[in-house]
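Chemist: Need a 3D model of the sequence below.
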Amino acid sequence: MAMSKTVVPGKKRTFLEWARSRDGQKVFVMIAFMVIPLVLLFTFTYLPFAEMFGFSFYKMKYVGERKFVGLKNYIKVFERDDCFGALKLSLYYMAGSIVQLALSLYLATVLSFKVKGGNIFKGFMFFPYLINGIAVGFIFKFFYTRGFVFDTVLQWCGFQLDNLPYWLKDQRINNISLVATSVWRYFGQNMVLFIGAIMSVDSELYEAAMLDGANKFQQFIYIILPSIKTIITLNVILSITGSLSAFEPPYVITDGANGTGTYFVVMHEIAHTQQKVGLASAMAIILLLIIFAATILQKLFFKYVFKNAEDEDINAAVRREKKLARAAARKAGR
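Modeler: You can find the predicted model right below:
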C-alpha cells in the first residue's frame, strides 16, 4: 500500500514542491500564455518596425553599403509628386467607404428584424469578405476588361459597346471602378458587425418609443444609432485607415497604371523595383503618422457627436417618464 504525502499545516513548501503543486502549475500556464504571445509580437512586429524606422535615415538598397542621410528621405517624400501626391487617390476610397458604411448600416437595420430569407441574404453578402484579396482582384480584372462580363451585361440592358468607357483605362472612371471592388468586398463584414450590435439593443426601448409615437426612422435615429455608437466608430476608423492603405485592387487589377497607383502601390514600386529601401521606409513611417492622426481626429469627432446624442437621449427619457407618469395619474383618477 503506497504511502500518501501529507502537507503539514503551517509548514512552508519549497520551490520545487510549489512548482509541482496545482497552484504552481496554474501560474506557469498563465505566464506561458502571456510571455509567448508577447515574444512573438515583439519578434515579428515591433522589432521589424524598429529596423524599418532605422532604415528610413539611410540611403540604401537591400544589398550593399548604407549611407546615413538623416531626414533627407522624409523631405523627398513631400517633394516627389509620385509619393505624397498618391495620397490624393485615398479620397476616392474614403468616399467609397462612406457609401459602404451607409449601405451596410441600412441593410443591417433591415435584416436585424424578422425578414424572409434574411439569413441566406446575410450569408451571400458576407461571402465576398472571405475571398482572398488577390483572387478578388483577378475576378474584377476580367469583370472590367473591355467586352467581358460588365460590358456584356450592359449590352443586354441596351447599351452599345462603342459608347461604353474603358473601365480600367479611362482616368475619369478607373479609380471609381477600383473603389467599387473594395465596397463589394468589405460591406458584408460591416453589415454583420452592425447586425450584431443592433440585435443587442433592448427591445423595451422600441416599446417606449412607440408609446411616444416615434416612427421607424425616429427609432433608428434616437435608439439604434446611439446604442451602436461604439461599432460605428470602429467601422469608420477601420474604413478610413483602410482607405489610406489601399493596395490590392490597384496593384492586382491595373498594376498602378493610368493614374491608379495609390500610396501603397508607389511605396511597393520604390522599395522592390527601384530598390530605394530608405525612401520607402520613410514613406511607411509618414503613412503611419497620418493614420494615427486620422484615428485621433475621428475619435474626437465621434466623441463630440455622440455626446450631443447622449444629451438628447437623456432629455427624451425625461420627457417619456413624464408622459408615463401623467398617463398613470389619469388612470388612477378614474
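Chemist: Distance check, Gly24 against Phe78.
Modeler: 57 Å (Cβ to Cβ, to the nearest Å). Backbone N, C-alpha and C define where each C-beta goes, glycine included.
Chemist: higher neighbour count, those two?
Modeler: Gly24 (15 against 11; other Cβ atoms under 10 Å).
Chemist: number of nearby residues for Lys299?
Modeler: So Lys299, with other Cβ under 10 Å, has 13 neighbours.
Chemist: With Tyr144 instead?
Modeler: A count of nearby residues for Tyr144, using other Cβ under 10 Å, gives 22.
Chemist: The one 5 residues further on now?
Modeler: If you count neighbours by other Cβ under 10 Å, Val149 ends up with 13.
Chemist: What confidence value was assigned to the spatially closest residue to it that is not a sequence neighbour?
Modeler: In this structure, Val149 finds its nearest non-sequential neighbour in Phe143, 4.7 Å apart by Cβ to Cβ, 6 or more residues apart in numbering. For Phe143, the pLDDT comes out at 93.
Chemist: wait, doesn't Phe143 sit right on Thr152?
Modeler: No - Phe143 is beyond contact range of Thr152, at 10.1 Å (criterion: Cβ atoms under 8 Å).
Chemist: who's more crowded, those two?
Modeler: A direct count of neighbours by other Cβ under 10 Å for Phe143 and Thr152 places Phe143 higher, at 20 against 10.
Chemist: Dihedrals phi and psi, the more buried one?
Modeler: Phe143 adopts backbone torsions of phi -60, psi -40, taken as degrees, to the nearest 10.
Chemist: Check the gap between it and Phe302 for me.
Modeler: Distance from Phe143 to Phe302, by Cβ to Cβ: 35 Å.
Chemist: what's the answer for Thr295, then?
Modeler: For Thr295 relative to Phe302 (Cβ to Cβ), the value is 11 Å.
Chemist: Ok, Asp81 next?
Modeler: With distances taken as Cβ to Cβ, Asp81 is found 34 Å from Phe302.
Chemist: list the contacts for Asn119?
Modeler: Applying Cβ atoms under 8 Å, 6 or more residues apart in numbering to Asn119 gives no contacts.
Chemist: any idea which helix or strand carries it?
Modeler: Asn119 belongs to helix 118-130 when elements are defined using DSSP states H and E.
Chemist: in that helix, what's buried?
Modeler: For helix 118-130, burial by neighbour count (16 or more other Cβ atoms under 10 Å) applies to 122, 125, 128-129.
Chemist: And for stretch 270-285?
Modeler: For stretch 270-285, burial by neighbour count (16+ other Cβ under 10 Å) applies to 270-271, 276-285.
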